[in-house]
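Visitor: predicted structure and sequence below. I'll ask about it afterward.
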Amino acid sequence: MRTGTPGREERTETQPRIWHNALSPQDCRAAVEAMAQSTAVTGPVLRRSNDVVDLSMRSCSEHLLAPERSDPIVTAMREVARKAIEDEGWRRVALDGPKFCSYAERGLFRAHRDSSDDPLDPAVVRRRRLSIVCLLNDATPRDGLRSFDGGALVVYVPRPDGTVAPENIRLEAGSAVTFRSDLLHEVRPVRAGVRYSAVAWLYDVDDSSKEKR
């Protein structure tokens, strides 16, 4: 796995990249408390351009935060996106999101890809190139943060021999991970507590850049 900060990262091909300390503990705590107190909706699954609730596939909640709570997370994820764009030399890409998600006990998101080949799905989804996940709390109760157990993010990473291997992405609160949106990945069931995260995507703004992948 490659790791990095908004100012420095190590590179290897196709593997997820971790960005340490993208968010401060104070910003994580403020976002988590705001999410815990906000009105939530059940997170849907996109199927042929329709948002469908399927709790056997995705069991989580999505939250809408006030700007004073969401702005630090948006700023941090934009900085991670900026460095990823700079590193890859991409030109015509834009950021979609973030969405703020919580997974309660037994919450999960079964194996899926964030990009789509379905022509009926929105262009912003079909053209997704890079997924960004920022974890807002973790298994360790510290800095006044709520903790959780389970809820591992697993990315299925292609290997040089043609096989695909599951990789458990170990994040601490305030860290982010980026990975290709066409990689299969999942959030495994939460065993206790509530897992809080923010997710966003970099997508091609037109079809022409797809040919350069």
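Guide: Yep, that arrived. Note that the structure is a prediction, hence the values are computed from the model and not measured. Residues are numbered from 1 along each chain as shown.

Visitor: quick one: residues contacting the residue of the chain most remote from its centre.
Guide: In the chain, the residue that sits farthest from the middle, by Cα atoms, centre = their mean, is D161; the gap is 27.2 Å. With contacts taken as Cβ atoms under 8 Å, 6 or more residues apart in numbering, D161 has no neighbouring residues. (Glycine included, C-beta is placed from N, CA and C.)

Visitor: can you pull out the low-pLDDT segments for the chain?
Guide: Within the chain, the set of residues satisfying pLDDT under 70 comprises 1-14, 207-213.

Visitor: mind listing the helices for it?
Guide: Ranges of helices in the chain, per DSSP state H, are 25-37, 67-88, 123-126.

Visitor: center of the chain - which residue?
Guide: Closest to where the C-alpha atoms of the chain average out (Cα atoms, centre = their mean) is V133, at 2.3 Å.

Visitor: any idea how far it lies from K83?
Guide: Applying Cβ to Cβ, to the nearest Å, the value for V133 to K83 is 15 Å.

Visitor: also C60?
Guide: 28 Å.

Visitor: between the two, which one's more packed in?
Guide: Legend: neighbour count by other Cβ atoms under 10 Å for C60 and K83, higher for C60 (22 against 19).

Visitor: surely the more buried one and E105 touch.
Guide: No - counting by Cβ atoms under 8 Å, C60 stays clear of E105, with 11.5 Å between them.

Visitor: contact partners for H63?
Guide: 34-35, 38-40, 100-102.

Visitor: so what's it bridging to?
Guide: Per DSSP bridges, the residues bridged to H63 are A40, F100.

Visitor: count of neighbours near H185?
Guide: Using other Cβ under 10 Å, H185 has 24 neighbouring residues.

Visitor: wait, doesn't it sit right on V157?
Guide: No - assessed by Cβ under 8 Å, H185 is found out of contact with V157, at 9.4 Å.

Visitor: hmm, back to that, closest one to V53 among the helices of the chain?
Guide: Among those, the nearest to V53 by Cβ to Cβ is helix 123-126 (17.5 Å).

Visitor: the nearest residue to R110 once chain neighbours are set aside and T140, how far apart?
Guide: Of all residues not flanking R110 in the chain, M57 sits nearest, at 5.2 Å (Cβ to Cβ, 6 or more residues apart in numbering). Computed as Cβ to Cβ, the M57 to T140 distance reads 29 Å.

Visitor: just to revisit the earlier point, so which of the helices of the chain comes closest to G144?
Guide: From the helices of the chain, taking Cβ to Cβ, the stretch that ends up closest is helix 25-37, at 5.2 Å.

Visitor: next, the angle helix 67-88 makes with that closest one.
Guide: Relative orientation of helix 25-37 versus helix 67-88 (axes from the mean of the first three to the mean of the last three Cα atoms, to 10 degrees): 120 degrees.

Visitor: what about helix 25-37, distance to the chain center?
Guide: Taking Cα atoms, centre = their mean, to the nearest Å, one finds helix 25-37 lying 17 Å from the centre of the chain it belongs to.

Visitor: may I have that helix as PDB, with CA atoms only?
Guide: The C-alpha coordinates for helix 25-37 follow below in PDB (Å, rounded to 0.1, in the frame of the first residue of the first chain):
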ATOM      1  CA  PRO A  25      -9.000  15.500  15.800                       C
ATOM      2  CA  GLN A  26     -11.100  18.600  16.500                       C
ATOM      3  CA  ASP A  27     -12.600  18.700  13.000                       C
ATOM      4  CA  CYS A  28     -13.300  14.900  13.200                       C
ATOM      5  CA  ARG A  29     -15.100  15.300  16.600                       C
ATOM      6  CA  ALA A  30     -17.200  18.200  15.400                       C
ATOM      7  CA  ALA A  31     -18.300  16.400  12.300                       C
ATOM      8  CA  VAL A  32     -19.100  13.200  14.200                       C
ATOM      9  CA  GLU A  33     -21.200  15.000  16.800                       C
ATOM     10  CA  ALA A  34     -23.000  17.000  14.000                       C
ATOM     11  CA  MET A  35     -23.800  13.800  12.200                       C
ATOM     12  CA  ALA A  36     -25.000  12.100  15.300                       C
ATOM     13  CA  GLN A  37     -27.400  14.900  15.900                       C
END
